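Colleague: here is a sequence together with a model predicted from it:
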Amino acid sequence: MGNKLKLYRCIFLKENKDYIIGKDIFNSKIYNIKKSEETSEFKIGTDNSFYASEEKSGILFKKSILKVINYNEVLKMAK
């Protein structure tokens, strides 16, 4: 598995056009979760666990953007 791949568990706080804003339940860090087919089942006010790769975006204020990876793809990577 890639070094950037990690398991996250977030409570989904709000959503906008491109991202779902989530708060990690373990360390209270805020993440921007990029919307995709894998995030279509995420509902505001609930929490969920998912595998994602993280990237930093921004020049002055860095924000963490998570790209959710399908669990079947994670299993293929592990082999």
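Modeller: That came through, no problem. All of these numbers come straight from a predicted model, not from anything done at the bench. Numbers count the residues shown, from 1 in each chain.
Colleague: if I pick residue 34, what's in contact with it?
Modeller: Applying C-beta atoms under 8 Å, 6 or more residues apart in numbering to residue 34 gives the contacts 18, 19, 65, 66, 67, 68. For every residue, glycine as well, the C-beta is placed using N, CA and C.
Colleague: swap that for residue 4, sorry
Modeller: 53, 54, 55.
Colleague: list the buried residues of the helix or strand encompassing the last one.
Modeller: In this case it means residue 55. Using DSSP states H and E, residue 55 maps to strand 47-57. Across strand 47-57, burial judged by 16 or more other C-beta atoms under 10 Å covers 48, 50, 51, 52.
Colleague: got a pLDDT number for the third one?
Modeller: Read it as residue 51. pLDDT, residue 51: 93.
Colleague: if we can go back for a sec, could I get the contacts of residue 4 as CSV with distance to residue 25?
Modeller: Putting the contacts of residue 4 into CSV (distance: C-beta to C-beta, whole Å) gives the following:
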residue, distance to residue 25
53, 20
54, 16
55, 21
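Colleague: pLDDT-wise, which helix or strand of the chain ranks last?
Modeller: Least confident helix or strand, the chain: helix 71-78 with a mean of 81, by mean pLDDT, DSSP states H and E.
Colleague: beta partners for the closest residue to residue 43 other than its chain neighbours?
Modeller: With sequence-adjacent residues excluded and distances taken as C-beta to C-beta, 6 or more residues apart in numbering, residue 43 is closest to residue 12, at 6.7 Å. Note on residue 12: beta-bridge partners residue 22, judged by DSSP bridges.
Colleague: same check, this time on residue 32
Modeller: Residues in beta-bridge contact with residue 32 (DSSP bridges): residue 21, residue 65.
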